[in-house]
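> Dropping the sequence and predicted coords here.
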Amino acid sequence: MAARKTQRCNGTAWLIVSAMTTAVTFAAVDCVRAADDWPNRPITMINPFAAGGPNDVPARMFAQRMGEILGQQVIVENVGGAGGMIGAQRVAKAAPDGYTFLVGTVGTQAQNQLLYKKPTYDATKDFSSIGLFLEAPLVLVARKDFPADNLKDFVAYARQNSSKMQFASAGTGSAIHLGCALLNSVTNVDAVHVPYRGANPAMQDLASGRVDYLCDIITTAKPQIDGGAVKAIAILTDARSPVLANVPTAIELGYNVQAYTWNAFFAPKGTPAATIGKLNRAMLESMHDPAIRQKLEGAGLRIVANDRATPQYLDGFVKSEIEKWAGPIKAIGVQID
């Protein structure tokens, strides 16, 4: 009776058929051929956070459009836990065949590498980059009666009153906690961190004046700013936001602070280059879909330029993000088992 064995490799797949006394090795089948046939079944996009969260909306918008472009359904599967590390680990260990990929963030690919004592994957080695596609700026907001209207006056007041200054976050190690940690590090502000269980209760206490400031994602902060419940001090990226056009950036005022969350796609390491290329092209076409752009940019999110949406750019970007966040994370003295 013949035994059949298939062996996969990064470049070549071999089919070996053996009988009791003979063995026939068939010619190698180039993995590029398999990539050329891809996709021929549905694809899974892993969102490493809970359904309905800020990562979920762009993930589902891109999944639908990319599925239309690729001719196969792209199914979003929410695999939350451990700050996104469980879902990211699943992709890192998945077969490198293009049928599983990750919508990663600054948390999953940079901050978790520093926050956790034993990360379950290496963000620089265990993934093949597809492309960066979206940024969500953080905005520094203060209680509405805070005695400063711009960042320079804010910093001066905070330094003079450091013993009583408090800033809120969505929890220790959250993106908005680390955004304020970076701001505090650059401006030499020493304030007490007050962690909450989520961004909403943190914003509620800021609006009621129980804490002094918060570095929130612009999409969730804007309604509170527009309603006068809190005061916008500075955008924490290198460019003003069209939805808060009158709010200057920290960089404009002389402080090199770039704090934002971002979204990018990653496949398991070893995914064929041809498949990565197809995924990247589908991502690029989705980025320029008018309906997607209108909805995301209208919420204050920023779709990146094409030259920053390449796999090569993302490789270097992840490394630079890990380097950028190393100092602030070390400064807050937090590590998670």
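Happy to help now that I have it. Numbers count the residues shown, from 1 in each chain.

> mind listing the strands in the stretch 51-200 of the chain by residue range?
All strands of the stretch 51-200 of the chain, identified by DSSP state E, counting those that start in this stretch, fall at 74-78, 100-105, 127-143, 166-169, 192-195.

> Direction included, what does the second one pair against?
Pointing back at strand 100-105 there. strand 43-47 (parallel), strand 260-268 (antiparallel) (DSSP bridges).

> pull the CA atoms of the shortest one into PDB?
Output for strand 43-47, consisting of C-alpha atoms alone and laid out as PDB, is shown next (Å, rounded to 0.1, in the frame of the first residue of the first chain):
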ATOM      1  CA  ILE A  43      -9.400  34.200   4.300                       C
ATOM      2  CA  THR A  44      -9.400  35.000   8.100                       C
ATOM      3  CA  MET A  45      -8.400  38.400   9.400                       C
ATOM      4  CA  ILE A  46      -7.600  38.200  13.100                       C
ATOM      5  CA  ASN A  47      -8.500  41.200  15.100                       C
END
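
> Hey, what's the angle from that strand to strand 74-78? Just curious.
30 degrees (axes from the mean of the first three to the mean of the last three Cα atoms, to 10 degrees).

> which residues sit against strand 43-47?
55-56, 59, 62-63, 67, 70, 72-79, 87-88, 90-91, 98-103, 265 (Cβ atoms under 8 Å, 6 or more residues apart in numbering). The C-beta positions use only the backbone N, C-alpha and C, and glycine is treated the same way.

> follow-up on the earlier one: can you redo the strands of the stretch 51-200 of the chain as JSON lines with distance to Leu253, mean pLDDT and mean neighbour count?
Formatted as JSON lines, the strands of the stretch 51-200 of the chain follow (distance: least, Cβ to Cβ, whole Å; pLDDT from 0 to 100; neighbours: other Cβ atoms under 10 Å):
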{"stretch": "strand 74-78", "distance to Leu253": "39", "mean pLDDT": "97", "mean neighbour count": "17"}
{"stretch": "strand 100-105", "distance to Leu253": "27", "mean pLDDT": "97", "mean neighbour count": "26"}
{"stretch": "strand 127-143", "distance to Leu253": "11", "mean pLDDT": "97", "mean neighbour count": "25"}
{"stretch": "strand 166-169", "distance to Leu253": "18", "mean pLDDT": "95", "mean neighbour count": "23"}
{"stretch": "strand 192-195", "distance to Leu253": "23", "mean pLDDT": "93", "mean neighbour count": "15"}
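
> okay if I get these as JSON lines plus distance to Lys231?
Listed next are these as JSON lines, based on distance: least, Cβ to Cβ, whole Å:
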{"stretch": "strand 74-78", "distance to Lys231": "35"}
{"stretch": "strand 100-105", "distance to Lys231": "28"}
{"stretch": "strand 127-143", "distance to Lys231": "5"}
{"stretch": "strand 166-169", "distance to Lys231": "14"}
{"stretch": "strand 192-195", "distance to Lys231": "18"}
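
> so which of those gets nearest Val243?
For the strands of the stretch 51-200 of the chain, proximity to Val243 was assessed by Cβ to Cβ; strand 127-143 is nearest, at 9.7 Å.

> chain center to the closest one, what's the gap?
6 Å (Cα atoms, centre = their mean, to the nearest Å).

> With stretch 183-201 instead?
Worked out by Cα atoms, centre = their mean, stretch 183-201 lies 20 Å from the chain centre.

> again, but for stretch 248-255
23 Å.

> what does it rub up against?
140, 150-152, 155, 183, 186-187, 234-240, 256-258.

> all helices of the stretch 1-150 of the chain, in order?
31-37, 56-70, 85-92, 106, 112-115 (DSSP state H, counting those that start in this stretch).

> ok, now which ones touch Met287?
133, 293, 303-304, 309.

> I'd like to know which of the contacts of stretch 248-255 are buried.
Neighbour counting by 16 or more other Cβ atoms under 10 Å classes 140, 151, 155, 183, 186-187, 234-237, 240, 257-258 among these as buried.

> how about Val304, phi and psi?
phi -80, psi 160 (degrees, to the nearest 10).

> I'd assumed Pro137 was in contact with Ala221.
No: between Ala221 and Pro137 there is no contact, the gap being 9.7 Å when judged by Cβ atoms under 8 Å.

> Most neighbours among the contacts of Met287, which one is it?
Within the contacts of Met287, most neighbours by other Cβ atoms under 10 Å means Phe133, with 24 neighbours.

> Contacts for the host helix or strand of Asp216 next, please.
For Asp216, the host element (DSSP states H and E) is strand 213-217. Identification of contacts with strand 213-217 by Cβ under 8 Å, 6+ apart yields 54, 136-143, 146, 154, 165, 167-169, 175-176, 179-180, 183, 191, 199, 202-203, 206, 221, 230, 233, 236, 259, 261.
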